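Got a predicted structure here, sequence first:
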Amino acid sequence: MVAPQILIRRGARYPDGPGFARRVLSAELFRQSAADFMLNTARRYGDLTHYTGFGRHIFQFNHPQFIEELLLRDAGRHHRGVVNAARKDGAGGGTAYQ
């Protein structure tokens, strides 16, 4: 498996990612679908990205190794949104909603 590519500027607290203010001012936030945004973010910033939205820190995991670790091995220790937490119908193969 290829090693993850993580871009962190010297002295930065979090991995690189798109700035919320820039996305709002350029209207990029409203022009892209969620899938397009995530794909473009992965291409531009690498396998682990960070951005903020509405006062929350958001980490986007793009490398298969990270996704496996998060969804399968560490599922009980991360925050799920209200919609996802309430969903128990097995959507998505049941992996993301256990």
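On my side now, so go ahead. Numbers count the residues shown, from 1 in each chain.

Gly19 and Glu28, how far apart?
Distance, Gly19 to Glu28, by CB to CB, to the nearest Å: 10 Å. Heads up, the C-betas are built off the backbone N, CA and C, glycines and all.

ok, which stretches of the chain are helices?
Using DSSP state H, the helices of the chain run over residues 20-25, 28-31, 34-45, 64-68, 82-86.

Which pLDDT value goes with the residue nearest the centre of the chain?
Taking CA atoms, centre = their mean, the centroid of the chain lies closest to Gln60, which sits 1.8 Å from it. If you check Gln60, the pLDDT there is 87.

Would you check that it makes contact with Thr41?
Yes: contact status for Gln60 versus Thr41: in contact at 5.9 Å, counting by CB atoms under 8 Å.

residues shared between the contacts of those two?
The contact sets of Gln60 and Thr41 overlap at Gly17, Thr49, Tyr51 (CB atoms under 8 Å, 6 or more residues apart in numbering).

Just checking, which helix or strand of this structure averages the lowest pLDDT?
helix 82-86 (a mean of 54; mean pLDDT, DSSP states H and E).
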